[in-house]
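*Asks:* The sequence isn't on hand, but the structure is:
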């Protein structure tokens, strides 16, 4: 940018900063205000970053800001403002623009900003600049935490950010060398190590880690670890072998070029006819070059190279590794040693805590992953000491990395535009995972027994959990060369090789290895079609009942103790459940329900007597089967989740279990074309790969072809072309392992081709395990092994019929055309799946998704005004009915799910609670007669009518033994429980403890127990309870009413009760009950109960007898 094009106000502000005369900078009086004005201008720059570009063109940082902080650093306000401005100016260009712009104009502005950043970095290669920054940082860190102000903390953060920004600028190696040396010479490395290890400076952990990562950005840990060391004899031999291989390769290529030269002059090379190779016409190709060039002939020679679309281009490697000067490497090596010994564990702990608590910025976990892989690799290469990296050597670190890899892969799929960035982050996580495996493997080879045991513990946890075992399978299966570079694939293949080698060695040392297995199964639940209860069907069910009579199902619960539905209604529901089980041919379940219901409701022998004979039980089941019971049993309160009724739903069941691990079975999972392809893709660059990478590829292919005998997976034309290239390579001697393997696979293929004439055609396709077995062992015929016998065949007449029916009904507007066509087909045995598949194969529809069955309640979402008015009218019409929601659902024009209708009714304010829409239940309880209705209508009923209703209620359902003494004791217990609940305000179950012999005898009698059940007293729940209890759910008013209902209302009732006593009592008990004292006591209790009953409010509660 031309300096004369600078904005006038901006130029005037820059001029007011001061001027440089020689090596002395003279600042103007308004220097501080001018710096603040520049900060304000930068805050309001446009999208092209015009202010930033103008300041860069004017070299304000080089000529003004740096001299100010060097010569006028004692002026604290001015120094703080200059640091703040420089942090803004040196901000990375990618942060200024958000991303690398695609527009050419913005791309030009982006490159301009980058060029100015390079100039800034060159200006910072000054020891005085970093000296003043280090001095200021040191003075600030000397202050105690109590003495340090907020401005001091801001200045510390800005100095660290300024160093970060300068190091972030990519520069040539020469400038990087000076920047690193200047940083180390002024003691900035010591300040970074102090910030990383001090307990009081934990808040700067992420800034320190970021600066350190940029310092070692282009370094290799193995090269740094070996800096300054004399090479060992083994390293010299290795280098000599590599040099000899390169020399042999060069000589072989030279000999090949010599052999290709003809002995005759090029003007007499002649012309040849290539038989068997057709030209454009019907004649053979005429070749006008020497015979030594014939093997390079191709029909594509001379054609224009076809341009590959950008979205199909392979991802490019962005790794840049270089070897710095020896003095720089020695400085960095010493820094790494000190950092590992004093700072690594503490800093990594702090950073991980901040990552887990999400106290960092977006993508800051990448610095953690880089530091983990770099410093653990340095520790492994320098002097392996596991204690120095113990913080990151744990199962928690494996889990953290695995979780990030999974997250990065999901983001690659969802954020397609930034897939390359997510791929680079995944590569960092993979390298960290690989380094963890390398460190554990190195621990396993240690001479210290404790270290080996620690490695065994870590490996056992890794191999036990499925997510750690299958992470490499998943990454290989999901590899995409368009977003993931070749370096990622190289590290993935090497990591997989290391993991399999560790797992194989771990399994060999044990008889068996128990691992965790997780099964996820998706099953489809479909509603069974309703079976009509025809006489023939009912008779067949009756016959099956005899077979299931002896197979009782244990553990069936016929009622819900926590439900608000009375037991009488639950008894009817249990009867309906037994009938439904019989109709569904579930004999054992029906019999189990019958036995369980008999124990719950023994009175009346409704479900049979306890000593019923098998023949009688069979007759009872037949009666229940043919009984005219309600078709819809009493429903409990519906939950929101149960309101939506779908015909088909997919459920995913997860089953976690343990099983014995088989290494060979695990290797079989790699026998897939989706996993073999990435290996062969990496093998294409065998000449550029390291010997270790080629060995990893060959070892995996050897496992598949030799160990699993699945060499057929490699019978593919592109693989054979690659093998031909390897075998014809002049330097093939350097790839002996690959040459041997290629010859083995080719020999096996030619042996198969001698038996199978279709083998050469099979070369055109990738094959799975089934296709490989058919190719090598023989093809299965039609109908063999049940492979194809279930495949539906269609005749020409049936296809024509299907086409005509589809043409007739495709424009009819039916919601599901397949359901319309099924009953119209001549072959009624056709299933929906067969019809859909045939329509797709015939081209009537593009995909099966077009014929997907529409689910109820999922299409219609919005409500129109007409539909809302219709819903309001239907609600007003049926709001007094027993089933408001059911009547509305039947009459709605636009069919919707019950949940959506309920939500809409609530949003319209028609009801305040969804419970008001539940179906009202009619309770046909004996004793609920006209007296009840009269009580609802008016409150003026006389006391004699109330007593009469009580008598009718108590007489009909059950015959009650009512000894006056036990009855009075029960009444007093209930009254005391009511008084306690009224005083305390709390409810709890109260046990009935009989203290007299008379009360104990009454509690043992079946007739008195019937009375207790009838009035709502709960029997002992299990063996741990010995006494009957008054439930905590009964209110105070209900207890008062219950106590009053236990009193006889007159002499007739009293005599009736005495007659009942005479029926079931012994003469001694009759004498005791007829004693004068007990009669007087009973009469006193009666008077007391009547007084309490008159005082209580006569509401719509339970009259006479409590209904439970």
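*Replies:* Okay, I see it. Every value quoted in this text rests on a predicted model; they were computed, and no experiment measured them.
*Asks:* Please pull up the helix or strand immediately following the longest helix along the chain.
*Replies:* Assignment by DSSP state H gives helix 233-260 as the longest helix of the chain. Using DSSP states H and E, the helix or strand that follows helix 233-260 towards the C-terminus is strand 272-278.
*Asks:* The following helix or strand past that next one: how far from the chain's middle?
*Replies:* Counting by DSSP H and E, the next helix or strand C-terminal to strand 272-278 is strand 284-287. Computed by C-alpha atoms, centre = their mean, to the nearest Å, the chain-centroid distance of strand 284-287 equals 62 Å.
*Asks:* Direction included, what does strand 284-287 pair up with?
*Replies:* Strand 284-287 has its sheet partners listed here by DSSP bridges as strand 272-278 (antiparallel).
*Asks:* Just the buried positions in stretch 243-258, please.
*Replies:* 249, 252 (16 or more other C-beta atoms under 10 Å). The C-beta positions use only the backbone N, C-alpha and C, and glycine is treated the same way.
*Asks:* so how far is the longest helix of the chain off the chain centroid?
*Replies:* 52 Å.
*Asks:* Provide a list of residues in contact with the residue lying closest to residue 97 once chain neighbours are set aside.
*Replies:* The shortest distance from residue 97 to any non-neighbouring residue, by C-beta to C-beta, 6 or more residues apart in numbering, is to residue 110 (5.5 Å). Neighbour list for residue 110: 93, 97, 100-101 [criterion: C-beta atoms under 8 Å, 6 or more residues apart in numbering].
*Asks:* hmm, which of the residues you listed are the buried ones?
*Replies:* Among these, the ones that count as buried by 16+ other C-beta under 10 Å are 93, 97, 101.
*Asks:* Show me the residues you listed that map onto helices.
*Replies:* Counting by DSSP H, the buried ones among the contacts of residue 110 place 93, 97 in helices.
*Asks:* Tell me the one among the buried ones among the contacts of residue 110 nearest to residue 851.
*Replies:* Among these, residue 101 lies closest to residue 851 (C-beta to C-beta), at 45.6 Å.
*Asks:* Please tell me the pLDDT value assigned to that closest one.
*Replies:* Per-residue pLDDT puts residue 101 at 89.
*Asks:* so it sits right up against residue 111, yeah?
*Replies:* No. Residue 101 is not in contact with residue 111 according to C-beta atoms under 8 Å; the separation is 9.6 Å.
*Asks:* circling back: which other helices and strands contact the longest helix of the chain?
*Replies:* Applying 3 or more C-beta pairs under 8 Å, 6 or more residues apart in numbering; DSSP states H and E, one finds that helix 233-260 contacts no other helix or strand.
*Asks:* Report the mean per-residue pLDDT for that helix.
*Replies:* If you average the pLDDT over helix 233-260, you get 74.
*Asks:* which one of the contacts of residue 110 sits closest to residue 118?
*Replies:* Residue 118 lies nearest to residue 93 out of the contacts of residue 110, by C-beta to C-beta, at 10.5 Å.
*Asks:* So what's the residue count around the closest residue to that closest one other than its chain neighbours?
*Replies:* Leaving aside its chain neighbours, residue 93 sits nearest to residue 113 (4.5 Å; criterion: C-beta to C-beta, 6+ apart). The criterion is other C-beta atoms under 10 Å. On that basis, residue 113 has 20 neighbouring residues.
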